[in-house]
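A.B. asks: task: produce atomic coordinates for the following.
(2 chains)
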Amino acid sequence: ETGVTQSPTHLIKTRGQQVTLRCSSQSGHNTVSWYQQALGQGPQFIFQYYREEENGRGNFPPRFSGLQFPNYSSELNVNALELDDSALYLCASSTGQAGGYTFGSGTRLTVV
Amino acid sequence: AQSVTQLGSHVSVSEGALVLLRCNYSSSVPPYLFWYVQYPNQGLQLLLKYTTGATLVKGINGFEAEFKKSETSFHLTKPSAHMSDAAEYFCASYNFNKFYFGSGTKLNVKP
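C.D. replies: Here you go, the predicted model:
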């Protein structure tokens, strides 16, 4: 079975621009969540989608938005990029039960 | 508010020595608890998890952790460290559709 795939692996954007990060869930997983991991810190929960509906959100502003598609893949969109948005963005998928999350390798976003 | 605290941002042990990484959680309702390992430039790999049932949980690579409700702790241990265990370890709790991660502990294993 395939794992969680994230694209792109690295990305450089300019402050004020918009970015879309993509995540392909593991086969059979209907839940996906996104995390921001700044350098030297633990992952911070952004939001979670279950069957195309957002069912959990962390303390991130509305310019962080997401989407889950019928095939359960997902996108993370960030508008009006700020320098502090530079981080590793991780996606994780699961069957909907807390014990079964599989993480991707992440997208390293640099905002200059 | 929920949170996870990992005591010690860096831990150094000798190869063959006991590994003990500390984690305490704060939650009004006992959460699910996890330990993940992260190698440089990689995602998170699940080591073990506690959901319900037996409080001593065994994971991969010889790691285990014990859920102690009275102490709100979920410390990670391994009897004998290997060089390959050098990585960053994250404790996490899950409750109400949200994950909370600790700030991580970097484990260094000396030859």
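A.B. asks: contacts, neighbours, all on C-alpha from now
C.D. replies: Fine.
A.B. asks: the most centrally placed residue in chain A bridge partners, please.
C.D. replies: Most central in chain A under CA atoms, centre = their mean is A:Trp34, positioned 3.3 Å from the mean C-alpha point. As for beta bridges, A:Trp34 partners with A:Phe47, A:Cys91 under DSSP bridges.
A.B. asks: now it: how far from chain B?
C.D. replies: Here A:Trp34 is placed at a distance of 10 Å from chain B (CA to the nearest CA, to the nearest Å).
A.B. asks: which residues does A:Ser25 contact?
C.D. replies: A:Gly3, A:Val4, A:Thr5, A:Val32, A:Tyr72, A:Ser73, A:Ser74, A:Ala92, A:Ser93 (CA atoms under 8 Å, 6 or more residues apart in numbering or on different chains).
A.B. asks: and the last one, how many residues sit next to it?
C.D. replies: A:Ser93: 30 surrounding residues under other CA atoms under 10 Å in any protein chain shown.
A.B. asks: hmm, who's touching the helix or strand hosting it?
C.D. replies: Following DSSP states H and E, one finds A:Ser93 within strand A:87-94. For strand A:87-94, contacts defined as CA under 8 Å, 6+ apart pick out A:4, A:6, A:23, A:25-26, A:29-39, A:43, A:100-110, B:43.
A.B. asks: drop anything exposed from these.
C.D. replies: By neighbour count, with 16 or more other CA atoms under 10 Å in any protein chain shown, the contacts of strand A:87-94 hold A:4, A:6, A:23, A:25-26, A:29-38, A:43, A:101-110, B:43 as buried.
A.B. asks: any idea where the strands of the chain begin and end?
C.D. replies: Answering for chain A, as no chain was given. For chain A, strands defined by DSSP state E occupy the ranges A:5-7, A:10-13, A:19-24, A:31-37, A:44-50, A:53-57, A:64-68, A:74-78, A:87-94, A:102-103, A:107-111.
A.B. asks: you answered for a different chain; I wanted chain B.
C.D. replies: Along chain B, counting by DSSP E, strands occupy B:3-7, B:10-14, B:19-26, B:32-38, B:44-50, B:56-58, B:64-68, B:73-78, B:87-95, B:98-101, B:105-110.
A.B. asks: weakest of the ones you listed in terms of mean pLDDT?
C.D. replies: Sorting the strands of chain B by mean pLDDT places strand B:98-101 lowest, at a mean of 87.
A.B. asks: what residues does chain A put near chain B?
C.D. replies: Proximity of chain A to chain B, by CA under 8 Å from any CA of the partner chain, involves residues A:40-45, A:47-48, A:55-58, A:90, A:98-99, A:102-106.
A.B. asks: can I get the buried ones among these as something I can paste into ChimeraX?
C.D. replies: Only the buried entries of the residues of chain A next to chain B go into this ChimeraX selection, using 16+ other CA under 10 Å:
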select /A:41,42,43,44,45,47,48,56,57,58,90,98,99,102,103,104,105,106
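A.B. asks: reformat the strands of chain A as JSON lines; add mean pLDDT.
C.D. replies: Shown next, in JSON lines, are the strands of chain A (pLDDT from 0 to 100):
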{"stretch": "strand A:5-7", "mean pLDDT": "95"}
{"stretch": "strand A:10-13", "mean pLDDT": "97"}
{"stretch": "strand A:19-24", "mean pLDDT": "97"}
{"stretch": "strand A:31-37", "mean pLDDT": "94"}
{"stretch": "strand A:44-50", "mean pLDDT": "93"}
{"stretch": "strand A:53-57", "mean pLDDT": "91"}
{"stretch": "strand A:64-68", "mean pLDDT": "96"}
{"stretch": "strand A:74-78", "mean pLDDT": "97"}
{"stretch": "strand A:87-94", "mean pLDDT": "94"}
{"stretch": "strand A:102-103", "mean pLDDT": "88"}
{"stretch": "strand A:107-111", "mean pLDDT": "97"}
